[in-house]
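Student: Give the three-dimensional model of this entry:
(one chain, ligands or ions: 1)
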Amino acid sequence: MAHFTKLSSEQLTDCIAHLSTPLQQQLKSIVCRVDFKACFTSEQVQTLLAHYSASDKANKQQLCRDLIPLAQSYSLAPISSFYVGAVAMGESGKIYFGANMEFKGLTLAQTVHAEQSVITNAWRHQETKLVMLAVSAPPCGHCRQFINELNGAGDIDVLITKQPSTRFADILPMAFGPSDLGISARLMVSPDNQLTLKSDSVLAQHALSAATSSYSPFSLSPSGIALQTPNGLYLGRYAENCAYNPSLSPLQGALISLHLSGDSISDISSAVLVEHKESKVSQEKTSKQLLSLISDVTLETLHCSVK
Ligand SMILES: [Zn+2]
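Tutor: Residues are numbered from 1 along each chain as shown. Sure thing, here's the model as predicted:
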């Protein structure tokens, strides 16, 4: 089930060949575990950092940079063949992977960028703030706008391959952010949207819980999705953006979680979307379109109400 069981031993070795032999062995012992879900616990991070000898911050920066090829191995890029990997360290000391996902047959607007993926992964693991972000290619403008939605975004230490570290605020000058619209909420600091749903379905209640903690301070259109496979349950929360277009749909969020957990999109057996009937923004039509492209499962849409 783990992602790295899908990589051959040679491919995995290639991803970490640039590291010392003891560090390679330590990494393999973690990422080959069946319960590895593209997230290193703070204890695992400490065992990895013990293999470095510079200052604490420099060691963390180098570790994040060194893990990029492993994050890239999660990339699904059938259109561009441009494999982007992102590695983020949270305030908790945990490290997360993210990678781009493309969907052949739909518009490019459905593409998930690696930075969106790693932020979704960190949010899923209850992280509320990122301190470091390493990426295999410079973040595009779309991603800089997405990152700017985060709590304390300006202070994130951004590490671009072959470039010195830089503060995020320095690569997005004169930024447009939530505060320009009078909003104090920030992505990854999950709100409680106070929603209720009349349904006895366990999957529907999980989708409701995703909608309840989704982020939509601009359109006030909370939504969440639950995907079921034989191996697990994956939730996706709407992640809205003050500039609208970089927003990430709940289905995209759920697909990120499913893929980074080592599960297969083709194994989705049921899918439930929960949103408000009267919302200004509805996920139903585009989610059905994306799901019908990648799965035979029909999306069930249920309408919640405010408590
Ligand atoms: Zn991007």
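Student: which ones are touching G236?
Tutor: Residues near G236 by C-beta atoms under 8 Å, 6 or more residues apart in numbering: 210, 224-227, 249-257. In short, each C-beta sits where N, CA and C put it, glycine included.
Student: cool, and I147?
Tutor: Contact analysis of I147 by C-beta under 8 Å, 6+ apart lists E115, I119, L133, P139, A153, I156, F168, L172.
Student: and what of H18?
Tutor: D66, P69.
Student: repeat that for 10 Å
Tutor: H18 sits next to Q24, D66, P69 when contact means C-beta atoms under 10 Å, 6 or more residues apart in numbering.
Student: what does this protein put close to the ion?
Tutor: H113, C140, H142, C143 (C-beta under 5 Å from the ion).
Student: In PyMOL, select just the buried ones from these.
Tutor: Listed next is the PyMOL selection for buried residues among the residues of the chain next to the ion, using 16 or more other C-beta atoms under 10 Å:
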select buried, resi 113+142+143
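Student: Now intersect the residues of the chain next to the ion with the helices, please.
Tutor: Of the residues of the chain next to the ion, the ones assigned to helices by DSSP state H are H142, C143.
Student: nearest to S199, of the residues of the chain next to the ion?
Tutor: Nearest to S199 among the residues of the chain next to the ion is H113, at 33.2 Å by C-beta to C-beta.
Student: ok, back up a step: in helices, which of the contacts of I147 appear?
Tutor: Using DSSP H, these in helices are E115, I119, F168.
Student: can you give me the strands for the stretch 101-250 of the chain?
Tutor: In the stretch 101-250 of the chain, the strands defined using DSSP state E, counting those that start in this stretch lie at 130-135, 157-160, 166-167, 195-196, 223-228, 233-237.
Student: Turn the ones you listed into JSON lines, including mean pLDDT.
Tutor: Formatted as JSON lines, the strands of the stretch 101-250 of the chain follow (pLDDT from 0 to 100):
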{"stretch": "strand 130-135", "mean pLDDT": "98"}
{"stretch": "strand 157-160", "mean pLDDT": "98"}
{"stretch": "strand 166-167", "mean pLDDT": "98"}
{"stretch": "strand 195-196", "mean pLDDT": "97"}
{"stretch": "strand 223-228", "mean pLDDT": "98"}
{"stretch": "strand 233-237", "mean pLDDT": "98"}
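Student: Could you single out the most deeply buried of these?
Tutor: Across those, the average number of neighbours (mean count of other C-beta atoms under 10 Å) peaks for strand 223-228, which reaches a mean of 28.
Student: Next, the angle strand 233-237 makes with that strand.
Tutor: Computed by axes from the mean of the first three to the mean of the last three C-alpha atoms, to 10 degrees, the angle separating strand 223-228 from strand 233-237 equals 170 degrees.
Student: Check which helices and strands strand 223-228 sits against.
Tutor: helix 202-212, strand 233-237, helix 250-260, strand 270-276, helix 284-294, strand 299-306 (3 or more C-beta pairs under 10 Å, 6 or more residues apart in numbering; DSSP states H and E).
Student: can you tell which of the ones you listed is closest to T161?
Tutor: Checking those against T161 by C-beta to C-beta gives helix 250-260 as the closest, at 20.7 Å.
Student: Determine the set of other helices and strands touching that closest one.
Tutor: In terms of contacts (3+ C-beta pairs under 10 Å, 6+ apart), helix 250-260 is packed against strand 95-99, helix 114-124, helix 202-212, strand 223-228, strand 233-237, strand 270-276, helix 284-294.
Student: Go again with 6 Å.
Tutor: Judged by 3 or more C-beta pairs under 6 Å, 6 or more residues apart in numbering; DSSP states H and E, the packing partners of helix 250-260 are helix 114-124, strand 223-228, strand 233-237.
Student: which residues sit against the second one?
Tutor: With C-beta atoms under 6 Å, 6 or more residues apart in numbering as the contact definition, strand 223-228 has outside contacts at 203, 206-207, 210-211, 214, 234-238, 250-251, 254, 258, 268-275, 283.
Student: same deal with the first one?
Tutor: Counting by C-beta under 6 Å, 6+ apart, helix 114-124 makes contact with 38, 84-86, 88, 90, 96, 98-100, 139, 143, 146, 188, 248, 253, 256-257, 260, all of which sit outside it.
Student: Give the buried residues for the worst-scoring helix or strand of the chain on mean pLDDT.
Tutor: Every helix and strand of the chain was ranked by mean pLDDT, DSSP states H and E. The lowest is helix 9-15, at a mean of 88. Of all the residues in helix 9-15, those buried under the rule 16+ other C-beta under 10 Å are L12, C15.
Student: next one: it to chain centre, how far?
Tutor: In terms of C-alpha atoms, centre = their mean, to the nearest Å, the centre of helix 9-15 is found 24 Å from the chain centre.
Student: now stretch 34-46
Tutor: Remark: stretch 34-46 is offset 15 Å from the chain centroid, using C-alpha atoms, centre = their mean.
Student: Ok, stretch 263-275 next?
Tutor: Taking C-alpha atoms, centre = their mean, one finds stretch 263-275 lying 17 Å from the centre of the chain it belongs to.
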